[in-house]
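*Asks:* Next come a sequence and a model predicted from it.
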Amino acid sequence: MKTLSKILLSLVITTYSFGAIAQEANDPKSLVKQGVELNDAGKYAEAISKYNEALKIDSTFQSAYYEIAYTLFSSGKENEAIPYLEKLLKLDAKSAGAYDMLGSIYDDNKQPEKAIAYYAKGIKANPNYQRLYFNTAITYYKMAKYDESEKYAITAIKMDPKHASSQRVYAMTTYAEGKRGVSLLAWCSFLLIEPQTKRSEEANRYIQKILNYGIKQTGEKSVTISIDPNDTGGPNLMMPISVLAATSDKKGLTKVDSLTLQLKNVFEISESFGGKKEDPFYKSYLSDYFKSLAASDNMPAFVRFISISVYREENLQWFKDNDGKVTALDNWVANTKRAL
């Protein structure tokens with residue numbers, strides 16, 4: 001049998017708990033937190049109900065407007081999110097997240113100019129919000145305005161070098177511009193961050209496409225190189241020659257071995273891919289970095305790492321058998337600075 005003191009203590013705790021729950025139910029911050037949890041669980045209608053409860057208590061509670069808009073956006077009702085975001089901007093004209101979401105909505109609605117305008121307003125209001133630059137690059141890429149896309153992608157990378165999607169849009173944009181050498185290094189940079197996804201498989205396809213550009217096997221021992229007229233004297237001219245030279249006198253190579261030799265050769269001449277007009281970002285962030293990698297003993301581990309999505313079993317076994325080389329690559333990446 002419980003003692004009286006224990007019963008009283010139990011009653012006090014229960015009473016306190018009920019009070020806390022009652023107080024929490026009337027707290028907009030707690031209601032929004034519950035809504036976020038429901039949204040994350042895919043319970044969108046229930047999440048919106050919680051946000052609306054919060055707004056009934058405090059019609060100026062900014063995070064409720066943002067979260068209800070985000071839930072509507074996430075659940076395919078993005079147009080319904082617009083008035084909530086506009087209300088949020090009236091409450092906080094510097095809400096970068098609101099500008100960013102509005103831009104994304106208009107981009108999805110095939111209104112790229114309107115999307116760009118909202119991103120620009122967001123950057124003016126909050127120039128430190130990285131996603132505004134990234135999404136601007138994406139929208140310009142879809143509009144085939146590659147110069148603008150490249151510029152914003154570079155800024156997005158400088159602001160967050162670990163944001164894989166920014167690296168990806170830079171690689172896509174430079175490829176579309178015909179800067180194949182730049183794009184090749186950009187895809188390699190992306191794969192250092194994201195080596196094992198569907199997008200990684202896409203990146204490896206781009207790498208193979210770039211390395212094999214203009215090279216055609218015409219016989220068992222003969223190969224021809226077709227030079228694009230635009231490449232004559234240009235930054236892409238030396239790449240097919242370098243790729244062929246990497247494996248011309250080698251036999252019995254696996255696909256990964258060939259890729260390792262090809263990338264090593266290409267990295268060594270990568271400074272020339274920047275063109276006559278010096279691109280300081282490309283040189284310092286990509287060319288200098290990958291030239292340094294090519295001069296190290298880490299190329300085999302690096303290529304195994306970035307190609308794991310396409311040569312998974314072979315590469316995993318290699319990692320298992322070469323643990324020291326994996327550690328060496330990890331140390332090299334950790335200790336080699338990349339200028340931005």
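*Replies:* In hand now; what should we look at? Computed from a predicted structure; not experimentally measured. Numbering: from 1, shown residues only.

*Asks:* Spit out the contact partners of Trp318.
*Replies:* 256, 304 (CB atoms under 8 Å, 6 or more residues apart in numbering). For every residue, glycine as well, the C-beta is placed using N, CA and C.

*Asks:* Which pLDDT does the model give it?
*Replies:* Note for Trp318: predicted pLDDT of 96.

*Asks:* what's the spacing between it and Thr247?
*Replies:* 19 Å (CB to CB, to the nearest Å).

*Asks:* Also Ile105?
*Replies:* 49 Å.

*Asks:* The two: which has the busier surroundings?
*Replies:* Ile105 (21 against 16; other CB atoms under 10 Å).

*Asks:* which residue sits closest to the more buried one in space, ignoring its chain neighbours?
*Replies:* What sits nearest to Ile105 in space, not counting adjacent residues and going by CB to CB, 6 or more residues apart in numbering, is Glu78, at 4.7 Å.

*Asks:* tally of neighbours for the one you found?
*Replies:* Neighbours around Glu78, by other CB under 10 Å: 19.

*Asks:* That one and Lys264, how far apart?
*Replies:* Glu78 is 46 Å from Lys264, by CB to CB.

*Asks:* next one: Glu271
*Replies:* 15 Å.

*Asks:* Does the residue nearest to Ile105 touch Gly103 like I think?
*Replies:* No: counting by CB atoms under 8 Å, Glu78 stays clear of Gly103, with 11.6 Å between them.

*Asks:* Identify the residues contacting the residue positioned nearest the centre of the chain.
*Replies:* In the chain, the C-alpha nearest the mean C-alpha coordinate belongs to Ser165, at 1.6 Å (CA atoms, centre = their mean). Contacts for Ser165 were tallied using CB under 8 Å, 6+ apart; they are Phe134.

*Asks:* Next one: it, what pLDDT does it get?
*Replies:* pLDDT, read off for Ser165, is 98.

*Asks:* A helix includes it, no?
*Replies:* Yes: Ser165 sits within a helix when classified using DSSP: H, G, I helix; E, B strand; the rest coil.

*Asks:* Tyr51 versus that one, what's the distance?
*Replies:* 28 Å.

*Asks:* Equivalent analysis for Phe134, please.
*Replies:* 27 Å.

*Asks:* Those two: who's more crowded?
*Replies:* Tyr51 (29 against 25).

*Asks:* Let me know the pLDDT of that one.
*Replies:* Looking at Tyr51, the pLDDT reads 94.

*Asks:* quick one, what contacts the residue nearest to it when sequence neighbours are not counted?
*Replies:* Distances taken as CB to CB, 6+ apart place Ile68 nearest to Tyr51, at 4.1 Å, with adjacent residues excluded. Counting by CB under 8 Å, 6+ apart, Ile68 makes contact with 35, 48, 51-52, 55, 81, 84.

*Asks:* Tell me the most packed of these, by neighbour count.
*Replies:* Of those, with other CB under 10 Å as the count, Tyr51 tops at 29 neighbours.

*Asks:* Contact partners for that residue?
*Replies:* 31-32, 35, 64, 67-68, 71.

*Asks:* Swap in 6 Å and give it another go.
*Replies:* 35, 64, 67-68 (CB atoms under 6 Å, 6 or more residues apart in numbering).

*Asks:* Hmm, Ala245 and Tyr262 touching each other?
*Replies:* One thing to correct before we go on: residue 262 is Gln, not Tyr. No: if you go by CB atoms under 6 Å, Gln262 and Ala245 don't touch, sitting 9.3 Å apart.

*Asks:* Which helix or strand lies directly C-terminal to the helix or strand of the chain with the lowest mean pLDDT?
*Replies:* Here the helix or strand of the chain ranked lowest by mean pLDDT, DSSP states H and E is helix 4-25, holding a mean of 42. Remark: after helix 4-25, the chain's next helix or strand is helix 28-40, criterion DSSP states H and E.

*Asks:* May I see the buried residues of that next one?
*Replies:* 28, 31-36, 38-39 (16 or more other CB atoms under 10 Å).

*Asks:* Tell me where the stretch 151-300 of the chain is predicted with low confidence.
*Replies:* Across the stretch 151-300 of the chain, the ranges flagged by pLDDT under 70 are 217-223, 225, 227-235, 275-277.

*Asks:* Which residue ranges of it form strands?
*Replies:* Assigned by DSSP state E, counting those that start in this stretch, the stretch 151-300 of the chain shows strands spanning 215-217, 223-225.

*Asks:* measure stretch 302-321 end to end?
*Replies:* 15 Å (CA to CA, to the nearest Å).

*Asks:* What of stretch 301-316?
*Replies:* Terminal residues of stretch 301-316 are spaced 11 Å apart (CA to CA).

*Asks:* Residues touching it, excluding its own?
*Replies:* 191, 195-196, 200-201, 204, 256, 259-260, 318, 325-326, 329.

*Asks:* Let's see that with 8 Å instead.
*Replies:* 188, 191-192, 195-197, 200-201, 203-204, 254-256, 259-260, 263, 293, 318-319, 322, 325-326, 328-329.
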